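Trainee: quick one: sequence and predicted model below, then my questions.
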Amino acid sequence: MNMEDPQKFFELLKKDHRFSLESYRFVNDALTYAQNVMKLGKKEVSEPAGEVAPEEEDHVTGQDLCVAVCKFALEQYGYMAKLVLHNLGIRKTGDIGDIVYNMIDIGCLRRAENDRREDFDNVFDLAHDLENGFQIDYKKSQNR
């Protein structure tokens, strides 16, 4: 997260009370997870001389970021993921979009020309997937 100008974040936190600085950090970390671990947004270049435009190089769609947020939360917090995200103000995929577009508004993130805030709305039931995404495999734990 570009924190070069913390005043921008202070103003943002005053303007939109729904999310904390930790909320923005989490979504930014999930974006990094999407790019580096899930390898989303990486364009393959078929010719060695060809280059991908910087603004397209690491672009992750709204839908893909929502999936990454869910997976990252489950990986980081396990069965507590839903509670942690709830405490961060992230209860549905649309909240992720609000955070992303707040960060775009203050210049911390960029959007592609065809991106829309609505790309984040109702992607899936975040609370349901966080509840059901973490499962204990009792057979594996008994065999240890």
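Mentor: Structure's in. What do you need? Since the structure is predicted, the reported quantities are computational estimates derived from the model, not experimental observations.

Trainee: phi, psi of the residue lying closest to residue 41 once chain neighbours are set aside?
Mentor: The shortest distance from residue 41 to any non-neighbouring residue, by C-beta to C-beta, 6 or more residues apart in numbering, is to residue 60 (4.1 Å). The C-beta positions use only the backbone N, C-alpha and C, and glycine is treated the same way. Per-residue torsions, residue 60: phi -120, psi 130 (degrees, to the nearest 10).

Trainee: ok, now which ones touch residue 60?
Mentor: Applying C-beta atoms under 8 Å, 6 or more residues apart in numbering to residue 60 gives the contacts 31, 34-35, 40-41, 68.

Trainee: would you turn those into JSON lines with distance to residue 110?
Mentor: Below are the contacts of residue 60 laid out as JSON lines (distance: C-beta to C-beta, whole Å):
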{"residue": "31", "distance to residue 110": "11"}
{"residue": "34", "distance to residue 110": "15"}
{"residue": "35", "distance to residue 110": "13"}
{"residue": "40", "distance to residue 110": "16"}
{"residue": "41", "distance to residue 110": "12"}
{"residue": "68", "distance to residue 110": "17"}
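
Trainee: which members of these occur in helices, if any?
Mentor: Residues of those located in helices (DSSP state H): 31, 34-35, 68.

Trainee: pLDDT below threshold where in the protein?
Mentor: 1-5, 42-57, 134-144 (pLDDT under 70).

Trainee: can you give me the strands for it?
Mentor: Using DSSP state E, no strands are assigned anywhere in the chain.

Trainee: what about residue 66, how many neighbours?
Mentor: Using other C-beta atoms under 10 Å, residue 66 has 28 other residues around it.

Trainee: do the one 10 residues further on as well
Mentor: Using other C-beta under 10 Å, the number of residues around residue 76 comes to 14.

Trainee: can I get the ones in helices among the contacts of residue 60 in TSV with neighbour count and distance to residue 79?
Mentor: Formatted as TSV, the ones in helices among the contacts of residue 60 follow (neighbours: other C-beta atoms under 10 Å; distance: C-beta to C-beta, whole Å):
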residue	neighbour count	distance to residue 79
31	24	24
34	23	22
35	19	26
68	24	19
